[in-house]
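Enquirer: after the sequence you'll find the predicted model.
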Amino acid sequence: MSALRIGCHVDPTKPIDGALERGAQAIQIFLGDPQKWTKPSVVSEGGAVALREALAQHDIDLYIHAPYVINVASTNNRIRIPSRKLLQQTVELAAECGAKGVVVHGGHITKDDPPDAGFINWRKAVEQLDASVPVLIENTAGGSHATARRLDALGQLWEAVGDSGIGFCLDTCHAHCGGIDLSDAVDRVVAITGRIDLIHANNARDDFDTGRDRHDNLTAGTIDAQSIVEVVRAAGAPVICETPGDAAAQRADIEFLRASA
């Protein structure tokens, strides 16, 4: 694990400062308000070009988290169509920044929709997407009709998109609260997707299979911290901690993972 790139989610206004303060080799940022449909932008000084140059100068990898409002699985045209547009815009700006990938939630349908509608919509979205950087679908913690919460749904999703080069981000909090046992999660996910491109290493404030998404620091929460370490070891993928607290708390999470190699 000592060779893995480990970092955390930081404030997009001063992402390099945030990385250096936390001892992060990788960072994740939003390109705007994650709860809004506004066009993505780089808010740090100098824009995308300056960010790209600073990342190279300090040898820091960048991941972009797409807005939470995106739901390309939706059967509602007023959600699905803007979601495709916003995802494309996010990917394009991420490429300008030199990002390694764009993380996006799998989304969901409603109880009244055909069961396979979300998977069909994902396939159509991927077919239309110009992915100038890898797009990584992230598993989610809740939702009875989510496309990437349960492993059986993930299998159907990958049948729809798996030959497109789409990637996967495994979130440990989401898996635990979404009902996926972390003890063999990596093996079971890779058996479906063939890959894990990024780990979101987070503990959880809630119990197994509650469907709630509340992150905690790695040595706190309801998940045994060693279980998170084992997921990181087994996946062998870069790591982003999306844990709460100030820079010192997030540095402690990063250092905990590094020391657990």
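Expert: Arrived safely.

Enquirer: now do the residue lying closest to residue 196 once chain neighbours are set aside against residue 115, distance only.
Expert: Excluding its sequence neighbours, the residue lying closest to residue 196 (Cβ to Cβ, 6 or more residues apart in numbering) is residue 235, at 4.5 Å. The way it works is simple: take the backbone N, C-alpha and C, and place the C-beta from them, glycine included. According to Cβ to Cβ, to the nearest Å, residue 235 and residue 115 sit 29 Å apart.

Enquirer: so residue 143 sits against residue 211, correct?
Expert: Yes - counting by Cβ atoms under 8 Å, residue 143 does reach residue 211; the two are 7.1 Å apart.

Enquirer: neighbours around the nearest residue to residue 219 once chain neighbours are set aside, how many?
Expert: Leaving aside its chain neighbours, residue 219 sits nearest to residue 225 (4.9 Å; criterion: Cβ to Cβ, 6+ apart). The local packing of residue 225 (other Cβ atoms under 10 Å) involves 18 other residues.

Enquirer: check residue 225 and give its pLDDT.
Expert: You'll see residue 225 listed with a pLDDT of 97.

Enquirer: pretty sure it contacts residue 257?
Expert: No - the pair residue 225 / residue 257 is not scored as a contact, 9.5 Å apart, by Cβ under 8 Å.

Enquirer: mutual contacts of these two, please.
Expert: Each of residue 218 lies in contact with both residue 225 and residue 257 under the rule Cβ atoms under 8 Å, 6 or more residues apart in numbering.

Enquirer: so which strand or helix has the residue nearest to residue 206 when sequence neighbours are not counted?
Expert: Spatial nearest neighbour of residue 206, excluding adjacent residues (Cβ to Cβ, 6+ apart): residue 212 at 4.2 Å. For residue 212, there is no enclosing helix or strand under DSSP states H and E.

Enquirer: how deep is residue 212 tucked in, by neighbour count?
Expert: 14.

Enquirer: list the residues that contact it.
Expert: 141-142, 177, 204-206.

Enquirer: what bridges to the spatially most central residue of the chain?
Expert: Centroid-nearest residue in the chain: residue 103, 4.2 Å away (criterion: Cα atoms, centre = their mean). In this structure, residue 103 bridges to residue 65, residue 136 when assessed by DSSP bridges.

Enquirer: for the one 5 residues further on, same thing?
Expert: Counting by DSSP bridges, residue 108 forms beta bridges with residue 146.

Enquirer: from memory it sits against residue 118, does it?
Expert: Yes - using Cβ under 8 Å, residue 108 makes contact with residue 118 at a distance of 6.7 Å.

Enquirer: so between the two, which is more surrounded?
Expert: For the pair residue 108 and residue 118, the greater number of neighbours falls to residue 118 (29 against 20), based on other Cβ under 10 Å.

Enquirer: nearest residue to the more buried one in space, please, no chain neighbours.
Expert: Residue 118 sits nearest to residue 73 (Cβ to Cβ, 6+ apart), 3.4 Å away.
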